[in-house]
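Participant: Only the shape, not the letters, is given here:
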C-alpha cells in the first residue's frame, strides 16, 4: 500500500484573512481605451477588434463588474505549492486548479510554448528608433500607458501602420502587462509591434498569464495589495469552476458568447462570498485533457510531487469517489503530526457501497505509466540541483584559467623586456642575457670612478652570471607568488558562487 502526500492549506480553515480593501489592479484602463477609440479610424478599430487580441477590446466594452471579495477568498483558500505557474484552491474539500490550460480555455488567446518568451530577438532599426522617438520614449524602454495616451492624442497625421501600432501597444500595456499607469513596459516585447503580423501572432496569452502569476506569487493576502496583469480572468474562472455560484452571481449573457471570458458580465456588491464558496456542492476541478497534456511546458518551473499527486488521485479514482476534509492539512499544523494522505490501494471488485467518501478510503492503484513519484524528493530535481552547482563551479574555474592565461601573457612581456629568451641555466645562455640588460644593473658605485672602472674590468665573468641568476630568481619568485594569489582568489570566488547557489536553492525550497 502506498500513500500520496498532498499539499497543505496556506491558511487554517476558518481563519482566512478578511479583505482590508478591494484588490487594486491596473488593467481595463478607461482613459487608455477611450483614447484608442477616439484616435483610430473606424476601419482601423474594427481591424483591431477582429485580430487575435480582440478578446481584450470586447471584454472592455462589456463593462465587467469586479467582485474583489470573491477573488480574494478564492486566493486565501489556496494550497501551498512550489509550482510557479499553477494555483490550487480548496472549495470545501474539493481542489480546483487554475493554470495555463484554464487560462487558455477561458480567454481563447494564443498560449503556445516558445523559447525566450519574454526576450525575443528584435533588431533595433532606424524605423523603430524613429517611431519610438515620435511617441516620446527612449529606444531602450517600452512605452507606458501614459505615454501611449499622449501619442494617441496627436497621431491623426501619422501613417495607418503607426496608428495601428499604437492600438496594439495599448492592448499590450493595458491588459497584457497591466502595470502602473506611468510604468514603462518591457522594451524587448514592445518592440515586436514594428512587425504587425508577428505581433498579432505572438503567444500573448502565455505572456499575460505569466505576468499575472508572477504578481500573485509574491502577494501578502493579510494586507491590502495590488495585482499586475489581467486579474479579472480569475473571477470568470471562479464562475466557471463553481457553476451554482456562477448562476447566482455571474450575471451571465444570453447565448453564451465564446470564449467564456465574454459570457459573464460579473457583479459587484458586498456579498458573503466566503460562505457561498464553502457551500458549493458542484465543482469543476480542472479543464479535462489527457494526462500527458495536464502539465504545460515552462522554462525554470519547479517540480512539486504533492501537486502531481492531486492529478494522479483524480485520474485514478472511481467517478463516485469524493474528497473530504480529512485529505487536507493546514500549513501551520505541527510538523510532527502524521500527514493526512490520500491512501492508495487496489480493491477487489469494489461495489458502490464499498467506495469511501474520505481520503482514508481505498483508491485504485495508478494504472498509467506516466505515474508521478509517490514520496521523497524527485530524482530529476536532485540532478538539476547538482547540475546548477556544477555549472557555477565550472564557471568559476573557467574564470580562474582565463586569469592564469592572462598572467602568463604578462609574464612573457616581462621576460622579453628583461631579455630572458630561454629557460636554460648554462653560462653561455646567461651571459647572452646579460649583454642585453642595461649596464647600470651590474655597475658598482664607489668613491673613485676610475677605481670602479678598474674593478669592473677585472671582475670575472662568473660574477656577471651570478648577478643575472639572482635577478632571474627574483623575477621567477615574483611570478610564482602572483600566480598563486590569482589561483587562490579564483578558487575562493568559485566556492563562494557555489555556496550562494546552494543557499538560494535551499530558500526556494
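Facilitator: Thanks, I have it. As the structure is a prediction and not an experimental result, all values here were calculated from the model.

Participant: separation between residue 191 and residue 168?
Facilitator: 12 Å (C-beta to C-beta, to the nearest Å). (Each C-beta comes from the backbone N, C-alpha and C, glycine too.)

Participant: helix/strand/coil for residue 311?
Facilitator: Per DSSP: H, G, I helix; E, B strand; the rest coil, the secondary structure class of residue 311 is helix.

Participant: which non-adjacent residue is nearest it?
Facilitator: Nearest residue to residue 311, sequence neighbours excluded (C-beta to C-beta, 6 or more residues apart in numbering): residue 294, at 5.7 Å.

Participant: Enumerate every residue touching that neighbour.
Facilitator: 101, 286, 311 (C-beta atoms under 8 Å, 6 or more residues apart in numbering).

Participant: Try it again at 10 Å.
Facilitator: Going by C-beta atoms under 10 Å, 6 or more residues apart in numbering, residue 294 touches 97, 99, 101, 286, 287, 288, 308, 311, 314, 315, 370.

Participant: okay, how far is it across stretch 90-108, tip to tip?
Facilitator: With C-alpha to C-alpha, to the nearest Å as the measure, stretch 90-108 spans 25 Å from end to end.

Participant: if you average pLDDT over it, what comes out?
Facilitator: Mean pLDDT, stretch 90-108: 96.

Participant: same deal with stretch 177-193?
Facilitator: On average, stretch 177-193 scores 95.

Participant: Take the contacts of residue 294 and write them to JSON lines, including neighbour count, distance to residue 133 and secondary structure.
Facilitator: Listed next are the contacts of residue 294 as JSON lines, based on neighbours: other C-beta atoms under 10 Å; distance: C-beta to C-beta, whole Å; DSSP: H, G, I helix; E, B strand; the rest coil:
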{"residue": "97", "neighbour count": "22", "distance to residue 133": "46", "secondary structure": "strand"}
{"residue": "99", "neighbour count": "20", "distance to residue 133": "41", "secondary structure": "strand"}
{"residue": "101", "neighbour count": "19", "distance to residue 133": "42", "secondary structure": "helix"}
{"residue": "286", "neighbour count": "19", "distance to residue 133": "48", "secondary structure": "coil"}
{"residue": "287", "neighbour count": "18", "distance to residue 133": "45", "secondary structure": "coil"}
{"residue": "288", "neighbour count": "11", "distance to residue 133": "50", "secondary structure": "coil"}
{"residue": "308", "neighbour count": "20", "distance to residue 133": "50", "secondary structure": "helix"}
{"residue": "311", "neighbour count": "18", "distance to residue 133": "51", "secondary structure": "helix"}
{"residue": "314", "neighbour count": "17", "distance to residue 133": "54", "secondary structure": "helix"}
{"residue": "315", "neighbour count": "15", "distance to residue 133": "55", "secondary structure": "helix"}
{"residue": "370", "neighbour count": "14", "distance to residue 133": "53", "secondary structure": "coil"}
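
Participant: so which of the residues you listed comes closest to residue 240?
Facilitator: Nearest to residue 240 among the contacts of residue 294 is residue 287, at 9.0 Å by C-beta to C-beta.

Participant: Which positions in stretch 37-47 come out as buried?
Facilitator: If you call a residue buried by 16 or more other C-beta atoms under 10 Å, then stretch 37-47 has these buried ones: 37, 39, 40, 44, 45, 47.

Participant: follow-up on the earlier one: any residues in contact with both of residue 191 and residue 168?
Facilitator: Counting by C-beta under 10 Å, 6+ apart, the shared contacts of residue 191 and residue 168 are residue 199.

Participant: what about the strands in this structure?
Facilitator: If DSSP state E is used as the criterion, the strands of the chain fall at 2-5, 8-9, 24-25, 79-80, 86-91, 94-99, 226-227, 341-344.

Participant: With distance to residue 117 added, can I get the ones you listed in CSV?
Facilitator: Listed next are the strands of the chain as CSV, based on distance: least, C-beta to C-beta, whole Å:
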stretch, distance to residue 117
strand 2-5, 32
strand 8-9, 31
strand 24-25, 22
strand 79-80, 26
strand 86-91, 17
strand 94-99, 16
strand 226-227, 20
strand 341-344, 34
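
Participant: quick one: which of the ones you listed is nearest residue 503?
Facilitator: Residue 503 lies closest to strand 79-80 among the strands of the chain, at 21.4 Å (C-beta to C-beta).

Participant: For the closest one, report the contacting residues that lie outside it.
Facilitator: Residues outside strand 79-80 that contact it (C-beta under 10 Å, 6+ apart): 6-11, 86-90, 95-97, 304, 306-307, 310, 328-331.

Participant: Let me know how buried residue 131 is, in neighbour terms.
Facilitator: Counted with other C-beta atoms under 10 Å, the neighbours of residue 131 add up to 22.

Participant: and the gap between it and residue 110?
Facilitator: 24 Å.

Participant: ditto for residue 501
Facilitator: Residue 501 is 35 Å from residue 110, by C-beta to C-beta.

Participant: re earlier: quick one, phi psi at the residue nearest to residue 311?
Facilitator: With angles defined as degrees, to the nearest 10, residue 294 sits at phi -80, psi 0.

Participant: pLDDT score for it?
Facilitator: 88.

Participant: Next: residue 262.
Facilitator: Note for residue 262: predicted pLDDT of 94.

Participant: which non-adjacent residue is nearest it?
Facilitator: Residue 262 sits nearest to residue 58 (C-beta to C-beta, 6+ apart), 5.6 Å away.

Participant: wait, doesn't the one you found sit right on residue 257?
Facilitator: Yes: counting by C-beta atoms under 10 Å, residue 58 does reach residue 257; the two are 8.4 Å apart.

Participant: Pull out the buried positions in stretch 236-249.
Facilitator: Those would be 236, 237, 238, 239, 240, 241, 242, 245, 246, 249, for stretch 236-249 by 16+ other C-beta under 10 Å.

Participant: likewise stretch 179-198?
Facilitator: For stretch 179-198, a neighbour-count test (16+ other C-beta under 10 Å) marks 179, 184, 185, 186, 187, 189, 190, 191, 192, 193, 194 as buried.

Participant: what sits against the fifth one?
Facilitator: Right, residue 187. Neighbour list for residue 187: 122, 124, 132, 137, 138, 139, 140, 141, 142, 143 [criterion: C-beta under 10 Å, 6+ apart].

Participant: Now for the third one: which residues touch it?
Facilitator: In this case it means residue 132. Contacts of residue 132 (C-beta under 10 Å, 6+ apart): 124, 138, 139, 140, 141, 142, 143, 187, 190, 191, 194.

Participant: can you check the second one too?
Facilitator: Under the criterion of C-beta under 10 Å, 6+ apart, the neighbours of residue 124 are 132, 139, 140, 187, 191, 194.

Participant: Could you do the last one as well?
Facilitator: Shown in contact with residue 143 (C-beta under 10 Å, 6+ apart): 132, 135-137, 149-151, 166, 169-170, 172-173, 184-185, 187, 190, 193.

Participant: same thing but 8 Å
Facilitator: Going by C-beta under 8 Å, 6+ apart, residue 143 touches 132, 135, 137, 151, 169, 173, 184, 185, 190.
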